[in-house]
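Colleague: Just the structure for this:
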Amino acid sequence: MSGTRASGASQPPDAPGGAPGLPAPVWVLAAVAFVVALGFGIVVPAIALFADSFGVGRTAVGLAVSAFAFFRLVTGPLGGRLVTRWGERPVLVAGCLTVAVTSGVAGFAPSFPVFVLLRAAGGVGSAAFTIAAVTLLLRVAPERARARATATFQGGFLLGGMVGPAFGGLLTDVAVWLPFVTYGTTLVVAALVARLGLPSPPPQEQAAAAAAVPLPERLAAARRLLLHPVLAVALVANLGVGWMLFGVRNSLVTLYVVDLGGSATLAGVVLLLGAVAQGVTLRLAGGLADTRGRRPALLLGSWLGAGFVGLLAVPVTGTVGLVLAAVGMAGFGVGAAFLASAPGALVADVGRTGGRVAALQMASDLGAVVGPLAAGALADASGYPLAFAVSAVVVGVAGVAALRMPETAPDVVARTR
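Modeller: Residues are numbered from 1 along each chain as shown. All right, here's what the predicted structure looks like:
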């Protein structure tokens with residue numbers, strides 16, 4: 001399949017209301033995201049159990065979980081350079097296959113160190129896949145529908161992540177290695193779909209990207225990225241998303257619900273409420289970010305998310321605490337829908353590059369690595385209220401940063417000229 005906005009191909013017809021329709025590659029990327037997240041969800045229940053089977057302590061089990069995210073973080077710049085050099089589709093396919101092989105083999109690891117090493121290698125492939133997928137998404141999305149395209153892509157991940165764990169638990173009961181093999185198989189399917197259904201970079205982009213960039217220029221570009229009034233806001237927003245959505249939500253909320261007197265099943269229901277709320281709101285959030293502006297979407301998402309996370313910081317116990325936890329996570333899910341849509345669109349608005357997309361992903365990964373550790377330490381030292389209060393502040397900072405951010409949504413900018 002070839003033809004993108006960059007190569008001059010025609011766009012799909014406008015959707016009702018004048019909004020541009022999403023091109024086919026966006027839907028292919030959403031399908032790939034669903035398959036990848038489905039497989040990841042399948043393997044999640046088995047990771048800790050397989051690591052524990054080697055007789056290691058709880059801290060070591062945590063290492064097996066965090067190794068994947070940590071190596072996603074530290075290899076993000078490499079993924080950006082690979083995308084710049086070779087193009088999105090080859091890197092996306094290679095990333096999927098890398099995680100497929102390492103995950104499938106991990107289910108038969110003969111020792112704990114080998115298992116951790118294979119998980120780390122999988123994180124490298126995952127970073128390459130994610131950066132390539134988002135870079136391609138922002139290249140093919142119509143400029144007036146970038147946030148909707150991002151929301152569609154995130155929706156694929158979210159749906160797969162909701163469905164996967166249920167199957168993962170069943171497969172783990174059959175054999176602890178079976179989810180790893182299943183995960184590897186789903187990634188091979190995702191790589192095949194990507195190879196057949198996604199476009200290659202236009203020849204002129206590949207030729208321009210082939211030139212090596214000297215180190216001083218890369219450092220100067222990194223400094224400009226961190227000081228850019230728009231890109232810096234996108235990085236802060238994604239840091240908050242990683243901290244709470246991918247980090248604290250998965251590590252601390254379950255323990256909080258159980259300590260309030262709820263069951264593990266109830267904790268799962270609380271998390272599911274947040275995921276459903278996010279999924280239901282994603283398309284609306286993307287449309288608002290495109291038609292009303294990136295800044296209103298960031299303000300709404302950041303402060304709404306922070307406010308509802310703050311409900312978990314209220315020092316109550318028993319049934320009242322459980323109700324606040326459920327309402328808090330559902331409300332955070334709505335805010336997270338806006339925070340998941342706007343940052344990627346901001347990067348595309350001011351000039352998409354592999355390095356900028358890599359930095360955006362690294363901000364989320366940094367939050368996912370640091371958030372659970374920091375919040376867990378605060379909870380151990382002073383209790384859950386302080387841990388969730390600090391998490392609410394991290395989510396809300398993006399809203400403060402966005403107050404002075406110039407608007408970049410093309411439709412909004414055109415109306416204000």
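Colleague: The residue lying closest to Leu73 once chain neighbours are set aside - how many residues pack around it?
Modeller: Using C-beta to C-beta, 6 or more residues apart in numbering and skipping the chain neighbours, the partner closest in space to Leu73 is Asp365 (3.9 Å). C-beta here means a position set from N, CA and C on the backbone, and glycine is covered the same way. Neighbour count of Asp365, defined by other C-beta atoms under 10 Å: 27.
Colleague: Which elements pack onto the helix or strand encompassing Asp365?
Modeller: Following DSSP states H and E, one finds Asp365 within helix 354-382. In terms of contacts (3 or more C-beta pairs under 8 Å, 6 or more residues apart in numbering; DSSP states H and E), helix 354-382 is packed against helix 58-74, helix 76-86, helix 112-140, helix 215-227, helix 231-241, helix 249-251, helix 318-349, helix 384-402.
Colleague: Lowest mean pLDDT across the ones you listed, which one is that?
Modeller: When these are ranked by mean pLDDT, helix 215-227 comes last with a mean of 62.
Colleague: List the contacts of the residue nearest to Leu73.
Modeller: By C-beta atoms under 8 Å, 6 or more residues apart in numbering, the contact set of Asp365 is Ala69, Arg72, Leu73, Gly76, Ala127, Gly242.
Colleague: Next, give me the two most distant ones among the residues you listed.
Modeller: Ala127 and Gly242 (13.1 Å; C-beta to C-beta).
Colleague: More neighbours: these two, which one.
Modeller: The neighbour comparison of Ala127 against Gly242 (other C-beta under 10 Å) goes to Ala127, with 30 against 25.
Colleague: contacting residues around the more buried one?
Modeller: The contact partners of Ala127, taken as C-beta under 8 Å, 6+ apart, are Phe71, Arg72, Leu73, Thr75, Gly76, Leu78, Gly79, Gly95, Ala358, Gln361, Asp365.
Colleague: Distance check, the second one against Leu170.
Modeller: In other words, Arg72. According to C-beta to C-beta, to the nearest Å, Arg72 and Leu170 sit 27 Å apart.
Colleague: Walking through the stretch 151-300 of the chain, point out its helices one by one.
Modeller: 178-197, 203-209, 215-227, 231-241, 249-251, 253-259, 264-291, 294-311 (DSSP state H, counting those that start in this stretch).
Colleague: Can you tell me which of the ones you listed is most buried?
Modeller: Of those, the one with the most neighbours on average (mean count of other C-beta atoms under 10 Å) is helix 231-241, at a mean of 26.
Colleague: For that one, which helices and strands make contact with it?
Modeller: Where contact means 3+ C-beta pairs under 8 Å, 6+ apart, helix 231-241 is packed against helix 215-227, helix 294-311, helix 318-349, helix 354-382, helix 384-402.
Colleague: ok, back up a step: could you dump the helices and strands packed on helix 354-382 into CSV and include distance to Ser200?
Modeller: What follows is the helices and strands packed on helix 354-382, written out as CSV (distance: least, C-beta to C-beta, whole Å):
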stretch, distance to Ser200
helix 58-74, 25
helix 76-86, 10
helix 112-140, 10
helix 215-227, 25
helix 231-241, 27
helix 249-251, 36
helix 318-349, 19
helix 384-402, 35
